[in-house]
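Chemist: test case, fold it:
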Amino acid sequence: QATGAPPGVLPPRPMFAISVSSSSCAKKGATREWEALKAGVVPLLRTTGFHLLRAARAIRPRALANAPAFEQDGREAGAVASAAAAAEEIDFLACGVQRASETSEERRLRCEEAKREKAVFLSRSLALEHRSGSSSGTAWKKVGDDAFRRGDFYSGIRCYSRCLADLELHEYNRSLEGLRDEGAQAKAPEGELAKDVAVILSNRSACLSKVRHFHDALADARSALALRPAWGRAWGRVGLAASALGRVEEAIEAFIQAVAFEPSAANVSALADAAGRKARDPDGAHVAKEMGNGARRVGDHGLAVAQYTYSMGLLPSDPKLIDPNSGGDDHTFLRAVLFCNRAAAFCCLKNWELAFADAQR
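Modeler: The predicted model follows:
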């Protein structure tokens, strides 16, 4: 198995397996033949299969999707993505691993041939792109979105990575064409391109979190945040990855910002969970409440919701949640004030459902 990976592709994990299949034995009436095949082949593979390990090291495992990579009505977009993916695979398989008993000159010639084949694939993808009237970056995003919706997160990561490469290279090439000074450099994404890149980074961060690659997910979320600092979803991605890595303070700060920009039920719940992981601090709860009151006075109702939620998380657990007939504790009145204030903030945001739930509490 290869130890390296192209940019944006998850590094491979060590594994070795042998699969035995037979189409003729797949029929219901061929059970006896299948058992006979296993009895004869499996013991042999157990004793001699290690000879295949050397060849297997040159193969990267890839996630197998349980559905088409693109919908039937998106054939043109899928064809662009498939052609580019094939080009990348040819480049890696041809040049990534030096074959046994191969000289450097032979490897050089093989790599040149692979590059020529890659150029053919890319020219075909550009022709498809021209016919479909959309950019290859858009095609990759569509395929990645479809993969994410059906839970094929590894394919999503791969597609979003290729989408980023297409978007950024296209803009960088345009900026390079306009450079005249020898020491000048291409500009980082900005404007509409920055928003597009931030969305792709955020989506890839979500995929990475789903497969528990939280360090990479946090890096992507921070990059998205650098491009769109006032985007609640990017803050939420940072909070999710930081929380999974045990960075409680960073997660809380990120979720506070996520709620401030997008006070949705999901962000509020995530902030409450993150705050609940901190040590109980009633004094800190009072400070957060006052910060929420200050935010309401200046009309920043999203930040007010965030501070009230954080304040609730710093209080000890409500005994009424365990025993509804309980008389409460020393913090019962403060909880009531926080729920009431947060309900008022939700009303100002016209989020009537959450406001009603808080008022009932």
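
Chemist: could you check how far Ile18 is from Ser243?
Modeler: Note on Ile18: its distance to Ser243, by CB to CB, to the nearest Å, is 39 Å. No exception for glycine: its C-beta is placed from N, CA and C like everyone else's.

Chemist: out of these two, which sits in the more crowded spot?
Modeler: The residue with more neighbours, out of Ile18 and Ser243, is Ser243; 22 against 13, by other CB atoms under 10 Å.

Chemist: who touches that one in this structure?
Modeler: Contacts for Ser243 (CB atoms under 8 Å, 6 or more residues apart in numbering) come out as Ala251, Ala270, Asp273, Ala274, Arg277.

Chemist: please, where are all the strands along the stretch 201-350 of the chain?
Modeler: Listed in chain order, the stretch 201-350 of the chain contains no strands at all (DSSP state E, counting those that start in this stretch).

Chemist: any weak-confidence spans in it?
Modeler: Scanning the stretch 201-350 of the chain for pLDDT under 70 picks out the ranges 319-328.

Chemist: what of the stretch 51-200 of the chain?
Modeler: Applying pLDDT under 70 to the stretch 51-200 of the chain flags residues 51, 53-102, 110, 114-137, 168-191.

Chemist: let's go with 50 and repeat that
Modeler: Confidence mapping of the stretch 51-200 of the chain against pLDDT under 50 gives the ranges 63-66, 69-81, 83-98, 126-134, 172-186.

Chemist: quick revisit: any chance of a PyMOL selection covering the buried ones in the contacts of Ser243?
Modeler: The following PyMOL line selects those of the contacts of Ser243 that are buried, judged by 16 or more other CB atoms under 10 Å:
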select buried, resi 251+270+274
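
Chemist: ok, of the contacts of Ser243, which one's closest to Lys350?
Modeler: Ala270 (21.5 Å; CB to CB).

Chemist: so that closest one sits against Gly236, correct?
Modeler: Yes. The pair Ala270 and Gly236 qualifies as a contact (CB atoms under 8 Å) at a distance of 6.7 Å.

Chemist: tally of neighbours for Ala36?
Modeler: Ala36 has 12 nearby residues by other CB under 10 Å.

Chemist: quick check: mean pLDDT of the host helix or strand of it?
Modeler: Assigned by DSSP states H and E, Ala36 falls within helix 31-48. Confidence over helix 31-48 (mean pLDDT, whole number) is 83.

Chemist: which residue packs closest to Asp250, ignoring adjacent ones?
Modeler: For the record, residue 250 is Glu, not Asp. The shortest distance from Glu250 to any non-neighbouring residue, by CB to CB, 6 or more residues apart in numbering, is to Ala242 (4.2 Å).

Chemist: name the residues of the helix holding Ala36 that are buried.
Modeler: Neighbour counts over helix 31-48 (16+ other CB under 10 Å) mark no residue as buried.
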